[in-house]
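*Asks:* Next one to model:
(one chain, ligands or ions: 1)
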Amino acid sequence: MPYEKLLIDNKAWAKEQKEKDPDYFNRLAHIQTPEFLWIGCSDSRVPADKITGTQPGEIFVHRNIANLVIHTDVNLLSVLDYAVNHLKINHVIVCGHYGCGGVKAAMSNHDYNYLLNMWLRNIKDVYSLHKDELNAVDDEEQRFDKLVELNVREQLMKLAKTSIIQRAWKHDKRPVLHGWVYSLKDGIIHNILDMQPGSAMDDIYEYDDL
Ligand code: CO
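*Replies:* Coordinates of the predicted model:
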């Protein structure tokens, strides 16, 4: 697709929006009050708003390869801090997807070079943590699906370990954390795990003076 088509389609879209609702852009330009923070995969087949039927203004989005929550990722932490403490969102969604290329790459023993190896190592750590459960699954496709689910679960736990989430849990009783997996085959999102404010975790991760 030539890139010019994107700009032409943009003009058509803007015109159509304005015809349907003359106040549309004026309204959106002045306020942003999303209910949800979406942490998803960069995969072009998993657009957060399209698959959830949400409109501009409804979801605050962060995407990276294989929807990872990494405690030294300044980008992710800034998004999380802004969403929780300034936008006051009530729900954080980590949405993985079956057939995730990042998860698949992490399952292999291939060298993807320094930078990607470093990123994918986080998924290898998830595999290692659950290797008994994973290695018990004979079918490779099913093992792949299982790792996608376990990865989402692990990233949700990592969110809960941040002081950003724990402080909001303690003082505001929000947000609820949701772990989802999207299926490319039928477009359906599966709910894997919810974590309510105040959910328990290993003692060592709990801050007692927030
Ligand atoms: Co992916």
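*Asks:* CA atoms for contacts and neighbours, from now on please.
*Replies:* Fine.
*Asks:* now the helices for the protein?
*Replies:* 3-20, 24-30, 48-52, 74-81, 101-107, 114-129, 131-135, 140-160, 163-172 (DSSP state H).
*Asks:* now for the second one, which elements pack on it?
*Replies:* Using 3 or more CA pairs under 8 Å, 6 or more residues apart in numbering; DSSP states H and E as the contact criterion, the neighbours of helix 24-30 among helices and strands are helix 3-20.
*Asks:* Need the contact partners of the helix it packs on.
*Replies:* With CA atoms under 8 Å, 6 or more residues apart in numbering as the test, helix 3-20 has contacts from 24-25.
*Asks:* mind listing what's buried in that helix?
*Replies:* Within helix 3-20, no residue counts as buried by 16 or more other CA atoms under 10 Å.
*Asks:* and it, how far out from the chain's middle?
*Replies:* 28 Å (CA atoms, centre = their mean, to the nearest Å).
*Asks:* Chain neighbours aside, what residue packs nearest to the residue of the chain found nearest the ion?
*Replies:* Going by CA to the ion, the ion is nearest to C100 of the chain, at 3.6 Å. Spatial nearest neighbour of C100, excluding adjacent residues (CA to CA, 6 or more residues apart in numbering): A66 at 6.7 Å.
*Asks:* Next, the contact list for the one you found, please.
*Replies:* Neighbours of A66 in contact, by CA under 8 Å, 6+ apart: 40-42, 96, 100-103.
*Asks:* Just the buried residues of these.
*Replies:* 40-42, 96, 100, 102-103.
*Asks:* Report the helix or strand with the lowest average pLDDT across the protein.
*Replies:* In the chain, no helix or strand scores lower on mean pLDDT, DSSP states H and E than helix 24-30, which sits at a mean of 89.
*Asks:* Please save the CA atoms from it in PDB.
*Replies:* In PDB, the C-alpha atoms belonging to helix 24-30 read as follows (Å, rounded to 0.1, in the frame of the first residue of the first chain):
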ATOM      1  CA  TYR A  24     -16.900  15.600  17.100                       C
ATOM      2  CA  PHE A  25     -13.400  17.000  16.900                       C
ATOM      3  CA  ASN A  26     -14.200  20.000  19.000                       C
ATOM      4  CA  ARG A  27     -15.400  17.700  21.800                       C
ATOM      5  CA  LEU A  28     -12.400  15.300  21.600                       C
ATOM      6  CA  ALA A  29      -9.800  18.100  21.400                       C
ATOM      7  CA  HIS A  30     -10.800  19.400  24.800                       C
END
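*Asks:* Okay, and the beta partners of the residue nearest the centre of the chain?
*Replies:* Nearest residue to the geometric centre of the chain (CA atoms, centre = their mean): I39, 2.0 Å. Using DSSP bridges, the bridge partners assigned to I39 are H62, V94.
*Asks:* Now the contacts of A66 in JSON lines, please, with extra columns for pLDDT and distance to P56.
*Replies:* Formatted as JSON lines, the contacts of A66 follow (pLDDT from 0 to 100; distance: CA to CA, whole Å):
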{"residue": "G40", "pLDDT": "98", "distance to P56": "17"}
{"residue": "C41", "pLDDT": "98", "distance to P56": "19"}
{"residue": "S42", "pLDDT": "98", "distance to P56": "18"}
{"residue": "G96", "pLDDT": "98", "distance to P56": "21"}
{"residue": "C100", "pLDDT": "98", "distance to P56": "25"}
{"residue": "G101", "pLDDT": "98", "distance to P56": "27"}
{"residue": "G102", "pLDDT": "98", "distance to P56": "27"}
{"residue": "V103", "pLDDT": "98", "distance to P56": "29"}
